[in-house]
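Q: coords please:
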Amino acid sequence: MLARVTDAERAWLRAREVVGLYGDPSVPWSIVLQATLGEPLNPGVLLGRLAALAGRFPHLGGAPSVVSSGRPEDVRADFASRIYDGRSPLVRVAVLDRTLLLAAHHGAVDGLGLLALLGAAVDRPVRTGVVGMRDREIAPSFALAAARRVGEAVFAPPMRLRSVPSEADGEVLVSADLPRLGVGTAAVTAAAASVVREWNRRRRGRMVAAIGASRRDGDDLTPEHRAAYLRLRLPPGTDRASVRAMLENQRLEPDFPPSRNPLLRLGARALAGRLGATFLASNLGAVEVGPPVAALTFFPQPSGPVGVAIGVVSTAGSTSLTVRARRRDLTDAAASDLLARLVAAVRS
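A: Predicted structure coming up:
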């Protein structure tokens, strides 16, 4: 007799297809949102709210349990690093005094979807100033885009961040909480490009930034995956104005076909070390949410060789910048150094 497929497993299989061939299949595909609260949340009330949400959105894989003990940084690292395996829901939740942690499989929920989870958790309306790209032109087809990227991978692979490796497992996540900064994706991307070139000691190479975007506006928040991506080639000397022009004119990358396609999976594995981007930048924008949320921190998912992801999110009084990578590629000290350089570049 065949074993019955559980709701969690069915949701996991679907989410795994959604992320498709985005990059290294060994990454956990767990995106994380941290909220600093003005007052604690009741774990039982939180569980009830998210169980009701999961009932309306079965692709989340069922109601999550709520972690209510442990150090926030340890629980956050676990949420970010632990692989989803189909045996539990695709949403992870913790409330630890005045810290709320929400994580989800990126194939089920995108960055704006995390904000929808936040709204359900605190029972408050949430919106952000992000403008969706539903009308943006998409590159002609995955086949053509794939052929172009294979050519790039063979003859001119993207520059990689200079690694500072360690023997540790999991993911390193560092953040800087700053007074509200009026900076957008163009400013952060230009700053990151400059920082990475200096970090790499000005080694030559083709820098490529992956930019997280959305097919919906910031007032259309549901716990779903409706993400889109732009790939920008950033030559030396790229500034905010040139990045802004690229963002306004670049076509969206086409969606990947289902990851079960054996030929595509084989090709991706063969070229895994030469695909991807130099870094990912993802900006959740200026988020409007009332009490008890006082501040937010966002950690998108890096992928590919020496992958690094930069997250940005603002609230009424603060802006958070984050750097996330795998510990095998960056030590905690190196990630903190990289973040400090990024903060300085954004402020300059």
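
Q: what are the ranges of the strands in the stretch 51-200 of the chain?
A: 66-67, 91-96, 99-105, 127-128, 171-179 (DSSP state E, counting those that start in this stretch).

Q: Among those, which comes closest to Asp220?
A: Of all the strands of the stretch 51-200 of the chain, strand 127-128 sits nearest to Asp220, with 8.8 Å by CB to CB. The C-beta positions use only the backbone N, C-alpha and C, and glycine is treated the same way.

Q: Name the strands paired with that closest one and say parallel or antiparallel.
A: strand 279-288 (antiparallel) (DSSP bridges).

Q: what pLDDT does Arg265 get?
A: At Arg265, the pLDDT value in this model is 53.

Q: ok, now the one 10 residues further on?
A: The predicted local confidence for Leu275 comes out at a pLDDT of 55.

Q: repeat for Ala268
A: At Ala268, pLDDT is 52.

Q: Could you export stretch 161-180 as PDB, CA atoms only?
A: Output of stretch 161-180 as PDB, limited to C-alpha atoms (Å, rounded to 0.1, in the frame of the first residue of the first chain):
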ATOM      1  CA  LEU A 161      33.000  37.300  -3.400                       C
ATOM      2  CA  ARG A 162      36.400  36.600  -2.000                       C
ATOM      3  CA  SER A 163      35.700  34.000   0.700                       C
ATOM      4  CA  VAL A 164      37.000  33.900   4.300                       C
ATOM      5  CA  PRO A 165      36.100  30.300   5.000                       C
ATOM      6  CA  SER A 166      35.500  28.500   8.200                       C
ATOM      7  CA  GLU A 167      34.800  24.900   9.100                       C
ATOM      8  CA  ALA A 168      31.400  25.700  10.600                       C
ATOM      9  CA  ASP A 169      28.100  24.600   9.100                       C
ATOM     10  CA  GLY A 170      24.900  26.600   8.500                       C
ATOM     11  CA  GLU A 171      24.400  30.300   7.700                       C
ATOM     12  CA  VAL A 172      25.900  33.500   9.000                       C
ATOM     13  CA  LEU A 173      23.400  36.300   9.500                       C
ATOM     14  CA  VAL A 174      24.500  39.800  10.500                       C
ATOM     15  CA  SER A 175      22.500  43.000  10.700                       C
ATOM     16  CA  ALA A 176      22.900  46.800  11.300                       C
ATOM     17  CA  ASP A 177      20.000  48.800  12.700                       C
ATOM     18  CA  LEU A 178      20.200  52.400  11.600                       C
ATOM     19  CA  PRO A 179      18.200  55.600  11.800                       C
ATOM     20  CA  ARG A 180      15.700  55.800   8.900                       C
END
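
Q: sorry, back to before: which of the strands of the stretch 51-200 of the chain is buried the deepest?
A: By mean neighbour count, with neighbours taken as mean count of other CB atoms under 10 Å, strand 99-105 ranks first of the strands of the stretch 51-200 of the chain at a mean of 26.

Q: Having no further points to raise, I will conclude here.
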